[in-house]
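K.L.:
fold the following and give me the result.
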Amino acid sequence: MAEINFYYLEKPTLSNLKRIFNSGDIPFIRLSKFLAPVPIGSKPKFNRKEKIGYYKRQEGSAILDDFWKSSEFIQFLEASTGLKPKFREANNICYSAGDYSLLHTEESEPQRLTVTYDFTKSWKQEWGGYDLYTSPENDPLICNRDPGSLMVVKLEENDLSCTQYVSQKAVSVAQMDRIVYDLD
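P.N.:
Numbers count the residues shown, from 1 in each chain. Next comes the predicted model:
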């Protein structure tokens, strides 16, 4: 089973993460080399999902499904954000050349905590595929691919997220576990 890098479990680090998380217009933390050792990604059985004007990608069950539901990880989220997340769903999403998701796929979503763990092996910035988080009254949060990183973002009712178009020139895939937790 995957293990959280010991550095991220130290009390001073957790305290600092909580402060950082709660200081942004869109509350977030991004942690490099989050899991140690880096898990060997199994190959989920993908289904091509396409809803024209909303998304085009492959989806499968989350590679680290049990880990995202574990009390260890949920306790880490509580300590690093100050929130009380309740697991809703997890899946693995894979974007290849020409794939995308658009912001309006989440228009009816309630307040939530979105977690993304990036399994992407190699990525070039010119291929696009950025993760985008928006809030009506704030500048968007734009994140490029960072293999092995964990992104935790609190989204309110009117906030949206997506993975921008992947260039037709991309010769690799962007692959990530995306997990959603409900917030009270």
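
K.L.:
spatially central residue in this structure, please.
P.N.:
For the chain, the residue whose C-alpha lies nearest the mean C-alpha position (C-alpha atoms, centre = their mean) is residue 116; its distance is 1.6 Å.

K.L.:
give me the distance between that one and residue 157.
P.N.:
Between residue 116 and residue 157 the computed distance is 20 Å (C-beta to C-beta, to the nearest Å). All C-beta spots, glycine's among them, are computed from the backbone N, C-alpha and C.

K.L.:
returning to that earlier point: is it true that the residue nearest to the centre of the chain touches residue 174?
P.N.:
No. The pair residue 116 and residue 174 does not pass the contact test of C-beta atoms under 8 Å, sitting 10.4 Å apart.

K.L.:
just after the worst-scoring helix or strand of the chain on mean pLDDT, pick out the following helix or strand.
P.N.:
Here the helix or strand of the chain ranked lowest by mean pLDDT, DSSP states H and E is strand 47-51, holding a mean of 81. The C-terminal neighbour of strand 47-51 among helices and strands, as given by DSSP states H and E, is strand 55-61.

K.L.:
got the angle between that next one and strand 47-51?
P.N.:
150 degrees (axes from the mean of the first three to the mean of the last three C-alpha atoms, to 10 degrees).

K.L.:
which of the residues in the helix or strand just after strand 55-61 are buried?
P.N.:
Later in the chain than strand 55-61, the nearest helix or strand by DSSP H and E is helix 65-69. Buried residues in helix 65-69, defined by neighbour count with 16 or more other C-beta atoms under 10 Å: 65, 67-68.

K.L.:
and which of those residues is nearest residue 20?
P.N.:
For residue 20, the nearest member of the buried residues of helix 65-69 is residue 68. The distance, counting by C-beta to C-beta, is 21.6 Å.
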